[in-house]
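**Q** Structure, please.
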Amino acid sequence: MTVTDTFPASRSETTELPENPAAELFQVLASPIRLAAVQLLLEGERTVSELMSELNVAQSRLSNHLACLRNCGVVQTRRHGNFIYYAVADRRVADLVRIGEELAAANADELAHCDVLQQER
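**A** This next block holds a predicted model:
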């Protein structure tokens, strides 16, 4: 029996690349909790406790959202003593969020009356 018979291939060898990476990124940011966390992290790094307090979200729920953001490369972490600090991994996220906010404001009425979005809410 060889090593390859007993252990699965590495994640990078078995994971298919998304068909549309931009759509995947926008899906990550489509969650109101994840987007709010990113908006706070654009102001500066924070611990889970700080984010919980500011977002008023349970720790387990927030941890799942932060794991998604981290696994998708949107945020990064650093450990300092007993604390893990979260920060935005790429400053270009600030531009993306700012442009999204500007577009949403400019199209607020259309977004409010979009039949497809109303069905998905």
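
**Q** Sketch out the strands for this protein, chain order is fine.
**A** In the chain, the strands defined using DSSP state E lie at 46-47, 75-80, 83-88.

**Q** Next, work out how far apart the most centrally placed residue in the chain and Met52 are.
**A** With distances taken as CA atoms, centre = their mean, the residue of the chain nearest its centroid is Leu69 (3.1 Å). Leu69 sits 15 Å away from Met52, going by CB to CB, to the nearest Å. Where C-beta positions appear, they are placed from N, C-alpha and C, glycine not excepted.

**Q** mind listing what's buried in stretch 37-47?
**A** Within stretch 37-47, the residues that qualify as buried by neighbour count (16 or more other CB atoms under 10 Å) are Ala37, Val38, Gln39, Leu40, Leu41, Glu45, Arg46.

**Q** So which of those is the closest to Val75?
**A** Ranked by distance to Val75 (CB to CB), these are led by Leu41 at 6.2 Å.

**Q** residue contacts, the closest one?
**A** The contact partners of Leu41, by CB atoms under 8 Å, 6 or more residues apart in numbering, come to Leu51, Val75, Tyr86, Ala87, Val88.

**Q** got a markdown table for the strands of the chain, with mean pLDDT and distance to Leu111 too?
**A** Below are these laid out as a markdown table (pLDDT from 0 to 100; distance: least, CB to CB, whole Å):
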| stretch | mean pLDDT | distance to Leu111 |
| --- | --- | --- |
| strand 46-47 | 98 | 28 |
| strand 75-80 | 96 | 26 |
| strand 83-88 | 96 | 25 |
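
**Q** Now render those strands as CSV, adding distance to Arg121.
**A** Shown next, in CSV, are the strands of the chain (distance: least, CB to CB, whole Å):
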stretch, distance to Arg121
strand 46-47, 28
strand 75-80, 26
strand 83-88, 27
